[in-house]
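Q: predicted coordinates and the sequence they were generated for:
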Amino acid sequence: MLHHHATVRQMAIPGRRHGTTVGTARDQSIKLKANETIYSEGEHAFAIYQVETGAVRIYRLMASGQRYILSFCGEGEWFGLETGNVRTDFAEAVCEASIRPFRTSQNAVVPIDLLHIALTNLAKAQHKQLIITEQSALKRVAAFVCEMADRHPEDLEFDMMMSRSDVADYLGLTVETVARCFTKLREKGVLCLKGKLQRVVRLLDREALIALTT
């Protein structure tokens, strides 16, 4: 069951003024607070973005008001590429973050491979769909931790940054189920959680974690 998210935050971010993106093709970095809105469904799409620090969640709101998280974007990753000129989803900062916008108007030179970004995002979406349709709750959570760990290949300890509610809405589970799955992973000696909010993961057995996803 997805987390109910009926109230949408509407917060203007620097670099947007009266529906237009301000600046050059590569605008200045935008500093964001946790949960600050970057763009909303229905807005005109004037730019794509690269995450410099922190993390961003991309989501849609169902007719019932429930939130469905499509993806998380971490450092170096891109988001905001649309097939048309209108936004079809929402983007928010998961935590304090820094992003850099790149205008995509006809007159702007975008120094990146848009096709590569599109194919990368498609591959992520297909992988996620496979996880949530064919795996148990424990396997979904294990796969999510693997996904986060793959972004930190050299680190045994990393900050997920996402809340249990974020993880639940990403995997199509309840918050309680996600919490139970993390408890099981701890009991199996696969990982331990640290920090005040229990978002810092220390991997104890990466091979065992991967085995849980198969």
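A: Nice, I can see it. Numbers count the residues shown, from 1 in each chain.
Q: helix or strand right after the lowest-mean-pLDDT helix or strand in the chain?
A: One helix or strand of the chain scores below all others by mean pLDDT, DSSP states H and E: strand 20-21, with a mean of 36. Using DSSP states H and E, the next helix or strand after strand 20-21 towards the C-terminus is strand 30-32.
Q: list the helices and strands that following strand packs on?
A: On a contact count with 3 or more C-beta pairs under 8 Å, 6 or more residues apart in numbering; DSSP states H and E, strand 30-32 meets strand 97-103. The C-beta positions use only the backbone N, C-alpha and C, and glycine is treated the same way.
Q: all helices in this protein, in order from the N-terminus.
A: 114-134, 137-150, 164-171, 175-187, 206-212 (DSSP state H).
Q: residues near the closest residue in space to residue 149 that isn't next to it in sequence, how many?
A: Closest residue to residue 149 apart from its sequence neighbours, by C-beta to C-beta, 6 or more residues apart in numbering: residue 203 at 6.2 Å. Residue 203: 19 surrounding residues under other C-beta atoms under 10 Å.
Q: tell me how far residue 57 lies from residue 82.
A: Distance, residue 57 to residue 82, using C-beta to C-beta, to the nearest Å: 17 Å.
Q: who has more neighbours, these two?
A: Using other C-beta under 10 Å, the more surrounded residue of residue 57 and residue 82 is residue 57, with 26 against 14.
Q: just the pLDDT for that one.
A: For residue 57, the pLDDT comes out at 96.
Q: what does the one 5 residues further on give?
A: We note a pLDDT of 89 for residue 62 in this prediction.
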